[in-house]
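> Structure for the following, please:
(one chain, ligands or ions: 1)
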Amino acid sequence: MAKFYITTAIDYPSGSPHLGHAYEKICTDIIARWKRLKGDDVFFLTGTDEHGQKIQKKAEEAGKTPKQYVDQTVKKFQELCKKLNISNDRFIRTTDKDHEKVAQELLQTVYDKGDIYKGEYEGLYCTDCETYYLEKDLNGNKCPIHDKKVENVKEESYFFKMSKYQDKFLKHLEKNQDFIRPESKRNEIINRIKEGVRDLSVSRTSFNWGVPVPFDKKHVQYVWFDALSNYISGIDYPNGKNFKKYWPADIHVIGKDIVWHHTMIWCSMLLSAGIDLPKMVFVHGFINLKGEKLSKAKGIIVDPIELTNKYGSDALKYYLIKNVPFGDDGDFSEEALISSVNNELANDLGNLVSRSLAMTEKYYGGKVPKGKNELNFDIKRIETLLDNLELTQGLSEIWKLVNELNKYVNDKKPWEVENKDNIIYTILDNMRIISILLSPFLPETIEKINCQLGIKTGKLKETKPNLLKPGTKTIKGEILFKKHE
Ligand code: ME8
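Residues are numbered from 1 along each chain as shown. The predicted structure is shown next:
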């Protein structure tokens with residue numbers, strides 16, 4: 001059985017989760033479920049990034065200690081995972097004791113390797129992205145991501161000799177075409193490395209909400225050094241059986257603002273510590289609202305928990321995957337979400353299921369008739385697309401099967417035919433096959449469909465025709481998708 005380790009970024013719990021957080025978890029969850037469907041042994045990690053100056057400031061504003069503050073805000077992120085039916089194996093918090101221990105051990109290992117030196121950091125810092133900037137990379141004096149003034153920081157700091165690893169990492173990128181996907185992001189990173197890599201400040205003294213630096217307790221770790229190590233602490237680095245089994249990560253799924261951190265920074269840390277590099281960093285795009293970036297400051301917010309309460313998690317998943325090609329930016333529109341629910345989910349899929357089960361009930365007393373599947377779906381193309389992480393195209397190909405089956409029902413008109421055993425069997429058996437393929441995308445709905453079909457959702461190898469047992473008792477259940485105005 002192949003192992004497969006996949007992660008999302010860990011979110012800053014500095015408020016409530018937004019639609020971008022939900023989107024990243026949804027895409028990652030679909031890939032994890034797809035791999036499980038194929039029979040892989042999957043570990044899926046997500047969580048929250050709870051240290052740093054940004055969280056400390058937010059906590060002060062709220063009149064709380066940082067720990068009290070994150071203990072409260074993290075609940076919303078965990079609720080989001082639950083509402084979205086995210087199948088993660090662990091939800092890591094960087095305030096978890098085992099994580100803090102690993103973050104310290106990793107910095108100590110890099111120190112012991114001779115890759116840390118003491119100096120003074122003087123430069124520009126954006127607290128919102130917890131990132132150092134060069135003047136040339138700013139818009140005026142503002143951070144290009146958050147459009148906020150950066151701070152002038154001057155303090156004693158430990159530096160990590162990141163520049164030492166630039167050639168080695170560049171060679172790795174050149175040898176491994178797929179290490180960063182999509183290709184445009186890979187090219188950006190290659191160009192940035194070629195411009196020259198500077199050493200990285202990895203400790204701070206001007207605040208204390210962080211993992212202590214093991215060799216100098218006056219300092220706390222730079223929050224990104226701490227945060228990135230979650231990918232190994234979450235599977236019990238260095239000696240745990242999960243680390244031995246699952247590392248290296250197969251895919252880190254992240255957004256486009258943190259590619260440098262997950263490539264040059266993370267990989268240099270691993271190279272320094274003598275740990276294998278992950279296999280791929282997949283960069284998804286940003287969800288915007290009417291062309292504008294989601295931003296709490298500007299009041300451009302979409303609450304994914306509210307959307308899930310209103311439309312259901314599968315509707316949100318379907319809409320996002322259909323409309324935002326994985327790797328590209330996309331625009332959120334509630335009208336388009338409603339149109340997906342009413343047309344594709346309620347009409348194409350919901351009606352197919354309800355009329356098929358109604359016919360089984362009416363003509364066969366709610367039992368699958370004995371018959372032969374007359375359609376032969378070719379699912380190879382779907383498998384290739386999903387293996388290649390082309391989620392949008394994969395979903396669209398599965399939907400073609402839904403429509404092919406609808407067309408079959410309309411063309412065959414079983415209500416007008418005397419001997420309809422094969423027709424009804426074909427419909428039900430293909431509903432079973434489509435359910436398997438759709439299960440990574442619409443897990444809640446597929447469970448309901450299979451409950452009505454009287455079966456358990458199969459694995460990918462069961463997408464062969466004629467596996468539905470005649471005589472299986474079906475149940476006409478609740479409608480799958482309510483229409484919205
Ligand atoms: O960056 N659309 O946390 P974060 C899609 N703690 N994705 C978006 C988005 C949008 N509008 N806005 C943000 C951090 N994201 C760090 C990560 S990992 C060791 C540490 C994505 O809460 C963003 O790109 O700001 C990132 O992948 C994730 O949401 C968390 O963002």
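> So is stretch 283-291 next to the ligand?
Yes - for stretch 283-291, a contact with the ligand is found by C-beta under 6 Å from any ligand atom, at 286, 287. In this view, the C-beta of every residue, glycine as well, is placed from N, C-alpha and C.
> Just the helices from the stretch 151-300 of the chain, written as ranges.
166-175, 183-194, 223-228, 230-233, 241-246, 259-260, 266-273 (DSSP state H, counting those that start in this stretch).
> Residue 468 is nearest to which of those helices?
Minimum separation from residue 468 across the helices of the stretch 151-300 of the chain (C-beta to C-beta) falls at helix 241-246, 35.3 Å.
> Contacts only, for the residue nearest to residue 308 when sequence neighbours are not counted.
Among residues not flanking residue 308 along the chain, residue 83 sits closest, at 4.6 Å (C-beta to C-beta, 6 or more residues apart in numbering). Contacts for residue 83 (C-beta atoms under 8 Å, 6 or more residues apart in numbering) come out as 304, 305, 308, 309, 313.
> so can I have JSON lines of those residues showing distance to residue 456, secondary structure and neighbour count?
As requested, those are exported to JSON lines (distance: C-beta to C-beta, whole Å; DSSP: H, G, I helix; E, B strand; the rest coil; neighbours: other C-beta atoms under 10 Å):
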{"residue": "304", "distance to residue 456": "29", "secondary structure": "helix", "neighbour count": "25"}
{"residue": "305", "distance to residue 456": "30", "secondary structure": "helix", "neighbour count": "17"}
{"residue": "308", "distance to residue 456": "25", "secondary structure": "helix", "neighbour count": "21"}
{"residue": "309", "distance to residue 456": "28", "secondary structure": "helix", "neighbour count": "11"}
{"residue": "313", "distance to residue 456": "21", "secondary structure": "helix", "neighbour count": "24"}
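> Helix or strand with the lowest mean pLDDT in this protein?
Lowest mean confidence among the helices and strands of the chain (mean pLDDT, DSSP states H and E): strand 292-293, at a mean of 81.
> if we can go back for a sec, want to try TSV for the helices of the stretch 151-300 of the chain, with mean neighbour count and mean pLDDT as columns?
Shown next, in TSV, are those (neighbours: other C-beta atoms under 10 Å; pLDDT from 0 to 100):
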stretch	mean neighbour count	mean pLDDT
helix 166-175	14	98
helix 183-194	15	98
helix 223-228	26	98
helix 230-233	25	98
helix 241-246	16	98
helix 259-260	17	98
helix 266-273	22	98
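> The ligand: which of these is closest?
The closest approach between the ligand and any of those, judged by C-beta to the nearest ligand atom, belongs to helix 223-228 at 3.9 Å.
> hmm, that closest one in reach of the ligand?
Yes - judged by C-beta under 6 Å from any ligand atom, helix 223-228 comes into contact with the ligand through 227, 228.
> Can you list the neighbours in contact with that helix?
With C-beta under 8 Å, 6+ apart, helix 223-228 has contacts from 10, 49, 51-54, 94, 103, 106-107, 130-131, 160, 202, 210-211, 261-262, 265-266, 269.
> among these, which are within reach of the ligand?
Restricting the contacts of helix 223-228 to contacts with the ligand (C-beta under 6 Å from any ligand atom) yields 10, 49.
> Narrow the contacts of helix 223-228 to those in strands?
Using DSSP state E, the subset of these located in strands is 10, 131, 160.
> Point me to the residue of the stretch 301-450 of the chain nearest the ligand.
For the stretch 301-450 of the chain, C-beta to the nearest ligand atom, closest residue to the ligand: residue 329, 7.9 Å.
> tell me the contacts of the nearest residue to that residue once chain neighbours are set aside?
Spatial nearest neighbour of residue 329, excluding adjacent residues (C-beta to C-beta, 6+ apart): residue 285 at 3.8 Å. The neighbourhood of residue 285, defined by C-beta under 8 Å, 6+ apart, consists of 255, 256, 324, 325, 327, 328, 329, 330.
> What score does the second one have for pLDDT?
In the predicted model, residue 256 carries a pLDDT score of 96.
> now it, nearest residue through space, not along the chain?
Leaving aside its sequence neighbours, residue 256 is closest to residue 283 (5.3 Å, by C-beta to C-beta, 6+ apart).
> my read: the one you found touches residue 252, true?
No - the pair residue 283 / residue 252 is not scored as a contact, 9.4 Å apart, by C-beta atoms under 8 Å.
> Tally up the residues packed near the residue nearest to residue 469 when sequence neighbours are not counted, please.
Distances taken as C-beta to C-beta, 6+ apart put residue 368 closest to residue 469, at 6.8 Å, once the chain neighbours are dropped. Residue 368 is flanked by 22 other residues according to other C-beta atoms under 10 Å.
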